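Chemist: predicted coordinates and the sequence they were generated for:
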Amino acid sequence: FAGVVYNYDQEGVHRAGSGWEQSISIPLVQPDMWELLQQWDNLLEEFSLEEAWLPHRYEEQQHNCFTFALAFVNRVRQARGRQPLSKAQFTQSFLLPHTTEASRYLSLLQQLAHRDFYIVPLAEQEQEQ
């Protein structure tokens, strides 16, 4: 998956094209929202330049990278006439389902790494069912 990751910390907003390969990508926009997808990068860039995200505003507990992500999502939601999400709603709706799924895959990977196993392709007949 190619792209740029925006993150916010005590040094301000960063844009990185690498170094996030171990992260989880969470889709926030439906594929049929083509117009919004085309504007997304510009909206994010403009948002990241706002005064709220200057380095001196960073506060580890209350004004951090999570706050940055949620504030951007809420900005887009409000522009589309939707209600903003609370931290709890954002976590429940977007983060937990994906982190739970990732955790299951990591557990499976760890179990497979410590056991002998064979991967056998299914016969064409079984694949079609």
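Modeler: Perfect, thanks for sending it. Please read all numbers here as calculations on a predicted model, not as lab measurements. Numbering: from 1, shown residues only.
Chemist: neighbours around the closest residue in space to residue 3 that isn't next to it in sequence, how many?
Modeler: Closest residue to residue 3 in three dimensions, ignoring its sequence neighbours and counting by Cβ to Cβ, 6 or more residues apart in numbering: residue 17, at 7.7 Å. From N, CA and C alone the C-beta is placed, and that goes for glycine too. Other residues near residue 17 come to 9 when the count uses other Cβ atoms under 10 Å.
Chemist: enumerate every residue touching residue 17.
Modeler: Contact analysis of residue 17 by Cβ atoms under 8 Å, 6 or more residues apart in numbering lists 3-5.
Chemist: out of the residues you listed, which sit inside strands?
Modeler: Where the contacts of residue 17 overlap with strands, as defined by DSSP state E, the overlap consists of residue 5.
Chemist: how much space between the residue nearest the centre of the chain and residue 117?
Modeler: Centroid-nearest residue in the chain, with Cα atoms, centre = their mean: residue 26, separated by 3.7 Å. Distance of residue 26 to residue 117, computed by Cβ to Cβ, to the nearest Å: 30 Å.
Chemist: surely residue 7 and residue 19 touch.
Modeler: No: the pair residue 7 and residue 19 fails to qualify as a contact (Cβ atoms under 8 Å) at a distance of 9.8 Å.
Chemist: more neighbours, the two?
Modeler: Here residue 7 and residue 19 are compared on neighbour count by other Cβ under 10 Å; more neighbours surround residue 7, at 17 against 10.
Chemist: could you pull out the helices for this protein?
Modeler: With DSSP state H as the criterion, the chain has helices at 34-48, 65-79, 87-90, 96-113, 124-128.
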